[in-house]
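Engineer: Just the structure for this:
(2 chains)
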Number of protein chains: 2
Amino acid sequence: MSTDGPCQRKLYNYFRSSASYRVRIALAHKGLSYDYVPVNIMPKVSEQKDAAYKALNPQMRIPFYRDHAVSISQSPAILEYLEECFPDPPLLPGDHAGRALVRQMAALVGCDIHPLNNLSVLTYLKRDLGADDAAVDAWYSHWITQGFQALETLAAASDMRGTFLYGDSPTLADVYLVPQMWNARRFNVSLEAFPLLTAIDAAACALPAFADAAPEVQPDTPEEMRA
Amino acid sequence: MSTDGPCQRKLYNYFRSSASYRVRIALAHKGLSYDYVPVNIMPKVSEQKDAAYKALNPQMRIPFYRDHAVSISQSPAILEYLEECFPDPPLLPGDHAGRALVRQMAALVGCDIHPLNNLSVLTYLKRDLGADDAAVDAWYSHWITQGFQALETLAAASDMRGTFLYGDSPTLADVYLVPQMWNARRFNVSLEAFPLLTAIDAAACALPAFADAAPEVQPDTPEEMRA
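Structural biologist: Numbering: from 1, shown residues only, chains lettered A, B, ... in the order given. Below is the predicted model:
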């Protein structure tokens, strides 16, 4: 279906983007090599660079993934594509009920937390609604805390919880959890109320695939942020 | 895998919730019967009712789907589950690239637009950030307009566009589009800049599965909102 030649895959991404981080984990977990193409979403970079990227990806969001067959943005779509094309090692369980639970936990992070804390949203709060830094921090913390309360409750109630959110091998649920935990720590959101999520995050971060995908060790990580 | 007895499936939902509307479309498209359990997310209903629902579904969000095998919230997880268990008629193309494009379009609505316009978010804007009605309307319109611009561009550029966002049978992309178009009209967001989305929405709404799932004709639709 797909061949695995060097440099066939390209991931347009940014070291600190949490949706990019998810895709890096999945690629590393599946042992798939790729060209890392850094796209700086923070300060406005040169117009030429913007124009070139816009021609390729009109929405200009990251992550953006390309291979011989597809050009896709939206991390949920990229992750499902990688799982379908490269099912081993898997990031979804084999049974329908297990897959449903893993996707529920992933969507809880991907739909209920992350979209609200996107850079474009924080910018809107400041620029258009006049929110000050304290109000933006409170907003950021609110959605993480509320979402993590639901995820911690779900994990605590799950018979399928193991070393990871589902069983003893990482799944898409952990692929979504780990970057969101990283964001929480970055913005000093208290994680005290989430002992299960904290333990699972630590177990996942100890795996090479998760460690290699971490924001601290990417090609575009600024020197002062390197681990 | 799954049997189709009467009343085995239950969908806890609300006539006007757009994530609920998605799941109703998918169930109808696949010819799956279900018990419609209305959960009123708007005004605080009786404590007893809240407690009973909370015991079943700690996050208390809708839609919440149950059958003999699973209890799942999060519409993306429910929709993928239905597609896996009941692949005919499909809501995803058969090839990896097609599935990736459809999921990208679905996620564009499900992650970039809808989470920002959720009731809980609008309430936070008013209560915690002091936004007035005009500011909330502008916020609502902003995320729909920005997301629809991306989706219209994607649809315009797609060789696979047909009567629907992907081909001549509806897919998950249309399942996400139609409720979001309904929300846009409800909040008087201008759709003039989106001729492709408008035509595709009209074609989808003419199908029985989409018509039967519409907010105007559900068991809990108030009399004055009935079509």
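Engineer: now for the longest helix belonging to chain A, which elements pack on it?
Structural biologist: Across chain A, the longest stretch assigned as helix under DSSP state H is helix A:133-157. In terms of contacts (3 or more CB pairs under 8 Å, 6 or more residues apart in numbering or on different chains; DSSP states H and E), helix A:133-157 is packed against helix A:96-107, helix A:119-127, helix A:172-186, helix A:195-205. In short, each C-beta sits where N, CA and C put it, glycine included.
Engineer: Relative to B:Pro38, which of these is closest?
Structural biologist: helix A:96-107 (21.6 Å; CB to CB).
Engineer: that older thread, got the buried residues for the longest helix of chain A?
Structural biologist: By neighbour count with 16 or more other CB atoms under 10 Å in any protein chain shown, helix A:133-157 contains the buried residues A:135-136, A:139-148, A:150-152, A:154-155.
Engineer: Stretch A:157-168 now?
Structural biologist: A:158, A:161, A:163-167.
Engineer: Flag the least confident of these.
Structural biologist: In terms of pLDDT, A:Ser158 ranks lowest among the buried residues of stretch A:157-168, with 94.
Engineer: So for A:Pro43, what's the pLDDT?
Structural biologist: pLDDT, A:Pro43: 58.
Engineer: got it, and A:Ser46?
Structural biologist: In this model, A:Ser46 is scored at 50, pLDDT.
Engineer: hmm, back to that, of all the helices and strands packed on helix A:133-157, which lies closest to B:Tyr12?
Structural biologist: The closest of the helices and strands packed on helix A:133-157 to B:Tyr12 is helix A:96-107. By CB to CB, the value is 14.1 Å.
Engineer: contact partners of that closest one?
Structural biologist: Defining contact as CB atoms under 8 Å, 6 or more residues apart in numbering or on different chains, one finds that helix A:96-107 is touched by A:76, A:92-93, A:151, A:154-155, A:158, A:160, A:165-167, A:171-173, A:175-177, B:1, B:69-70, B:72-78, B:80-81, B:84-85.
Engineer: Any chance of the helices and strands packed on helix A:133-157 in CSV with mean pLDDT and mean neighbour count as columns?
Structural biologist: Output for the helices and strands packed on helix A:133-157, formatted as CSV (pLDDT from 0 to 100; neighbours: other CB atoms under 10 Å in any protein chain shown):
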stretch, mean pLDDT, mean neighbour count
helix A:96-107, 98, 23
helix A:119-127, 94, 15
helix A:172-186, 98, 24
helix A:195-205, 98, 18
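Engineer: what would the ones you listed look like in CSV with distance to B:Leu125?
Structural biologist: Formatted as CSV, the helices and strands packed on helix A:133-157 follow (distance: least, CB to CB, whole Å):
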stretch, distance to B:Leu125
helix A:96-107, 23
helix A:119-127, 9
helix A:172-186, 21
helix A:195-205, 27
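Engineer: Ok, which of these comes nearest B:Lys30?
Structural biologist: Nearest of these (CB to CB): helix A:96-107, 14.4 Å.
Engineer: close enough to count as contact, A:Asn40 and A:Tyr14?
Structural biologist: Yes. Using CB atoms under 8 Å, A:Asn40 is in contact with A:Tyr14, at 6.5 Å.
Engineer: Looking at the two, which one has more neighbours?
Structural biologist: The neighbour count for A:Asn40 versus A:Tyr14, taken as other CB atoms under 10 Å in any protein chain shown, is higher for A:Tyr14 (22 against 14).
Engineer: Can you say which helix or strand has A:Tyr65 in it?
Structural biologist: strand A:64-66 (DSSP states H and E).
Engineer: picking up where we left off before, okay, and the common contacts of A:Asn40 and A:Tyr14?
Structural biologist: Contact criterion CB under 8 Å, 6+ apart; residues shared by A:Asn40 and A:Tyr14: A:Asp220.
Engineer: Give the buried residues for the lowest-mean-pLDDT helix or strand in chain A.
Structural biologist: Using mean pLDDT, DSSP states H and E, helix A:47-56 stands out as the lowest-scoring helix or strand of chain A, at a mean of 71. By neighbour count on 16+ other CB under 10 Å, the buried set for helix A:47-56 is A:Tyr53.
Engineer: Can it be said to contact chain B?
Structural biologist: No. Against chain B, helix A:47-56 shows no contacts by CB under 8 Å from any CB of the partner chain, the least distance being 10.4 Å.
Engineer: what's that helix in contact with?
Structural biologist: With contacts defined as CB under 8 Å, 6+ apart, helix A:47-56 is touched by A:12, A:39, A:44, A:60, A:64, A:71.
Engineer: How is the closest residue to the fifth one other than its chain neighbours assigned, secondary-structure-wise?
Structural biologist: Okay, so that is A:Phe64. Among residues not flanking A:Phe64 along the chain, A:Tyr12 sits closest, at 4.0 Å (CB to CB, 6 or more residues apart in numbering or on different chains). Per DSSP: H, G, I helix; E, B strand; the rest coil, the secondary structure class of A:Tyr12 is strand.
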